[in-house]
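Asker: can you look at this prediction? I've put the sequence above it.
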Amino acid sequence: MSVKAYIGMGSNLDQPKQQLTLACAALSQLPHTQFIQRSSFYKSAPVGYLDQPDFMNAVAEIQTTLEPEILLEALLTIEKEQGRVRKFLNAPRTLDLDLLLYGLQSIDVPGLVVPHPRAHERAFVLVPLAQIAPELFIPLRGPLRELLTKVDPNSVSVLQELNG
């Protein structure tokens, strides 16, 4: 069965704009998957470990028949191919791909929790997500429009409009 999924993307090393652009290209090459759209690129301050460059973030929408665990493995492979090294929690990175949503499913298995457990607290996820899917309902959390009222939208700034 085909499912709409949303992928959070972030980078703050090795030309972040290029990293996110390459990630979108890689997503479009996944088997049994159609790349639908991505948000603009946004700038945001780091979370957790603060002594690092600001991030560039975006959200991509795909349509896929891949099972969620297989999709997650594909995302981790893309990260690795683009030089992701996991030195410590919240470390600077070339690419971070998070499976934010997988249809309206709630998934909690070892190594995978969907919806992403902290997405509803992060403007750098919610603002780009709202740009491409403003009517979205987040399982276990509620309407995206309501979640946006609980974060500071000014903590992110648009870096590149979709047509830019």
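Answerer: That came in fine, so what should we check first?
Asker: quick one: least confident helix or strand in this protein?
Answerer: When each helix and strand of the chain is scored by mean pLDDT, DSSP states H and E, strand 156-160 comes last, with a mean of 87.
Asker: other residues contacting that one?
Answerer: Contacts with strand 156-160, where a contact means CB atoms under 8 Å, 6 or more residues apart in numbering, come from 17, 40-44, 56-57, 123-124, 127-128. Quick note: C-beta positions are derived from backbone N, CA and C, even for glycine.
Asker: and residue 27, how far from residue 74?
Answerer: Here the distance between residue 27 and residue 74 works out to 9 Å (CB to CB, to the nearest Å).
Asker: higher neighbour count, the two?
Answerer: Neighbour count, other CB atoms under 10 Å: between residue 27 and residue 74, residue 27 has more, with 25 against 20.
Asker: how about that one: what's its closest non-neighbour residue?
Answerer: When the adjacent residues along the chain are set aside, residue 27 lies closest to residue 35, with 5.3 Å between them (CB to CB, 6 or more residues apart in numbering).
Asker: I'd say that neighbour and residue 23 touch.
Answerer: No - contact criterion CB atoms under 8 Å: residue 35 and residue 23 do not qualify, at 10.5 Å.
Asker: tell me where the protein has helices.
Answerer: For the chain, the helices defined by DSSP state H cover 16-28, 68-81, 123-132, 144-148.
Asker: deepest of those, which one?
Answerer: Among these, helix 123-132 has the highest mean neighbour count (mean count of other CB atoms under 10 Å), at a mean of 22.
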